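Participant: Compute the structure for the input listed below.
(chains A and B, ligands or ions: 2)
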Amino acid sequence: MSEAIIVRDIRKSYGQTRAVDGVSFEVTEGEFFGILGPNGAGKTTTLEIIEGLRKPDGGEVQLLGMSPWPRHTSLLPRIGVQLQASSFFERLTAREQIRTWASLYGVSTRRADEMLELVGLTDKANTRIEKLSGGQAQRLSIACALAHDPEVVFLDEPTSGLDPQARRNLWDLLREINRQGRTVVLTTHYLDEAEALCERVAIMDRGKILQIGPPAALVRGLDAPTRISVESGTIAAHDARALAGDAEISDDGVSLTIATRDPARVLAALAERSALRGLSVRGATLEDVFLNLTGREYRDDD
Amino acid sequence: MTSKLDTPGRSVRTPAGAREATVAGLGSLSRAMALGFVRDRTAMFFTILFPLMFLVIFGLLFRDSGTSRSEIIQVGPVPVLDALPAEARAGVDEVLDIEQSDDLDAALEKVRTGDVDAAVEQRGNTVVVHYSAADPVSASTVQAILREIVQAANLAANPTPPRFTFEAQQVEDASLKPIQYLTPGLLGWAVATGAMFGAALTLVTWRQKKILRRLRLSPVSTPIVSGARIGVSIVIALVQGAIFVAVASLPVFGLRLSAYWWMAIPLLIAGTLAFLAIGQLAGSFTKTPEAASAVANLIVLPMAFLSGAFFPLQNAPSWLNTISSVLPLRHLVDGLLDVMVRGQGPAAVLPELGILLGFAVVVGAIAVALFRWDDA
Ligand SMILES: Nc1ncnc2c1ncn2[C@@H]1O[C@H](COP(=O)(O)OP(=O)(O)OP(=O)(O)O)[C@@H](O)[C@H]1O
Ligand SMILES: [Mg+2]
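Facilitator: Ligands and ions are numbered 1, 2, ... in the order given. From the prediction side, this is the model:
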């Protein structure tokens, strides 16, 4: 397996802000790679340096064996990019947009129309870009990134602004693209998204990568407690505390949550008392990983 | 390294398609630009309708003043006028308001004070026109009309040889019908505005809307992007020209094109290139569409006044002529006047063409050097 992307110690500052501060990683061909982090972590800047939109202050990038900077017209058809800020021609309809972008890559209008269908926008084909909803524009932007069948796909927060259904559909589409052998790199705020899609994630904060690995391994390495919740009032707090030695109890008035490293015993005890109303069980998530790494709660509006 | 592109059947693109992609790219970018323009009511208004409104308003205003009858006093009998056949007399009355008088001194006084434009008397075979130098335009109008009447009288009296001869005199702008100089002037202004705003706004808007960044990530080359803009602007300029000429040729306005009018086409193209370059430069400096419009307006409006787009510069002070000779719009308007209404041949506007193209090349090169894909 060869590396589709090699990033070595890239740096980029805007005045006093160190947007990217010594980032290194590799992405293997065919891998689904995620960059996860809160607002301002440096995800977009990292991506734009790899794509060749920005010149790093230092460090080195190899994209498909080539340097993306300066602009390289032979490299560009091999990558597909969805920018965080959508970029569309004014006053053109959805169909006109994708056909225009596709033709810049020598892609037929038939294929462009297929892509439109693939992201579920056929019925909006004649709607002007200004009249599309945020999620529809987002889907169109992704279709434009994929129309020319690129080897490496960069998606900057592809699911932001999508409703749950559209989000699921897009996940399916991205998995399918990846299954066909394409390398996918995405950034996201959503921990569940990274867990659901990515083979490996890089957790990024304040311009640095804190940890890289498969989501499950990151979570497992954490040895974090499992959270078991039942409806408040189902069981008294002091009874709950007695269920397991290490249990931590919290009650927000809606649910009572027991955090424990011995979930089997707690669940069995709850079942015995028939105290399972509104039961939910949540293992440790990337959220916990983030909290553990930064000592801060993960909030994507920070 | 294994490239997945090499796998047969996987790619939707073919390597041989690169050249076609370039051509298709030019076509589809032009189309995107043209559709964006046609669907932009404000842009359409300011590029097509607004200048046309000026043409219609000025055309109507000056048509009245231009053809309003000159007032003259006929002192004593003037057989050339008196003997005119009824039909010809009616024609003369349309342009001359002739008052009869026997008092030459009183008539001359009225000319002096500007109450009438001229006084005319006939001494034997000589028609004498008294006019005041204070108002050369109306004076020359009256002279031209009377000269024509005398000439007609000569012909009627004795076809060859004429008893009186007059020097053939080139028609000066002052005696051109207003529509004749309004059309090329306003057309020059309209084309300059259209090309400048087109270039400046496309550049700034595309940069602001991140379209340029996205284009930078596509395999399209910068000459293709500029080429699309140039092509669209040239088409717009030619459409402006066609509409202007069509409207000005309506009977109300009565534009008459001279023989080499088609030389206006290369002039319009060269003018478009020059103003695209200026617009591109303005677009390189500015960050918002509002700023770009303001800068474009600041350049094009004063230039239009100084270049004789709104009124002829023949009688303007020489310093104004000096200033305007460095302005590209002056050369565009001059060239258009020469070939559209002054009847000059194609060779006469070669200097103007050269100046406009030179301007386009020099300013264009600066604009290319300052080109940015991105704001940050
Ligand atoms: N063009 C710029 N000029 C100045 N500062 C910038 C610029 N772009 C980014 N920054 C700064 O760099 C830092 C990283 O920004 P970046 O856009 O990479 O973050 P991000 O992780 O993509 O955030 P988000 O999740 O909000 O998209 C931020 O502090 C931002 O303010
Ligand atoms: Mg971002």
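
Participant: Now do the same contact list for the closest residue in space to B:M196 that isn't next to it in sequence.
Facilitator: Computed as CB to CB, 6 or more residues apart in numbering or on different chains, the closest residue to B:M196 that is not its neighbour in sequence is B:G279, at 3.8 Å. C-betas here are computed from N, CA, C, even on glycine. Residues near B:G279 by CB atoms under 8 Å, 6 or more residues apart in numbering or on different chains: B:195-201, B:203, B:296.

Participant: repeat that with 6 Å
Facilitator: B:G279 makes contacts with B:196, B:199-200, as judged by CB atoms under 6 Å, 6 or more residues apart in numbering or on different chains.

Participant: Now the residue in the stretch 1-150 of chain B that ligand 2 sits nearest to: phi and psi?
Facilitator: Per CB to the ion, the residue of the stretch 1-150 of chain B with the smallest distance to ligand 2 is B:A32, at 26.6 Å. The phi/psi pair for B:A32 (degrees, to the nearest 10) reads phi -60, psi -40.

Participant: wait, doesn't it sit right on A:T100?
Facilitator: Yes - look at B:A32 against A:T100 with CB atoms under 6 Å: they come within range, at 4.7 Å.

Participant: how much space between the closest residue to ligand 2 within the stretch 51-200 of chain A and A:K131?
Facilitator: Distances between the stretch 51-200 of chain A and ligand 2 by CB to the ion are smallest at A:Q84, namely 4.7 Å. From A:Q84 across to A:K131, the span is 22 Å (CB to CB, to the nearest Å).

Participant: One more: B:I243?
Facilitator: 30 Å.

Participant: which outside residues touch the host helix or strand of B:A107?
Facilitator: Using DSSP states H and E, B:A107 sits in helix B:104-113. With CB under 6 Å, 6+ apart as the test, helix B:104-113 has contacts from B:73, B:75, B:101, B:116, B:119, B:130, B:132.

Participant: Cross-check the contact I'm expecting between the fifth one and B:S132.
Facilitator: Put plainly, it is B:A119. No - counting by CB under 6 Å, B:A119 does not reach B:S132; the two are 9.8 Å apart.

Participant: give me the number of residues near the residue of chain B found nearest ligand 2?
Facilitator: Nearest residue of chain B to ligand 2, counting by CB to the ion: B:K210, 13.0 Å away. Other residues lying near B:K210 total 19 when counted by other CB atoms under 10 Å in any protein chain shown.

Participant: Got phi/psi on it?
Facilitator: phi 70, psi 10.

Participant: would you put the C-alpha positions of the lowest-mean-pLDDT helix or strand in chain B in PDB?
Facilitator: The least trusted helix or strand in chain B, going by mean pLDDT, DSSP states H and E, turns out to be helix B:86-95, with a mean of 73. Taking C-alpha atoms only, helix B:86-95 is exported to PDB below (Å, rounded to 0.1, in the frame of the first residue of the first chain):
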ATOM      1  CA  ALA B  86     -44.700  76.100 -52.600                       C
ATOM      2  CA  GLU B  87     -43.400  72.700 -51.800                       C
ATOM      3  CA  ALA B  88     -39.800  73.800 -51.300                       C
ATOM      4  CA  ARG B  89     -41.000  76.800 -49.300                       C
ATOM      5  CA  ALA B  90     -42.800  74.600 -46.900                       C
ATOM      6  CA  GLY B  91     -39.500  72.700 -46.400                       C
ATOM      7  CA  VAL B  92     -37.700  75.900 -45.700                       C
ATOM      8  CA  ASP B  93     -40.400  77.000 -43.300                       C
ATOM      9  CA  GLU B  94     -39.800  73.900 -41.300                       C
ATOM     10  CA  VAL B  95     -36.300  75.000 -40.500                       C
END
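
Participant: Which strand residues bridge A:V281?
Facilitator: Judged by DSSP bridges, the bridge partners of A:V281 are A:I228.

Participant: For it, the count of nearby residues, please.
Facilitator: Other residues close to A:V281 by other CB under 10 Å number 12.

Participant: What pLDDT does the model give it?
Facilitator: The per-residue pLDDT reported for A:V281 equals 87.
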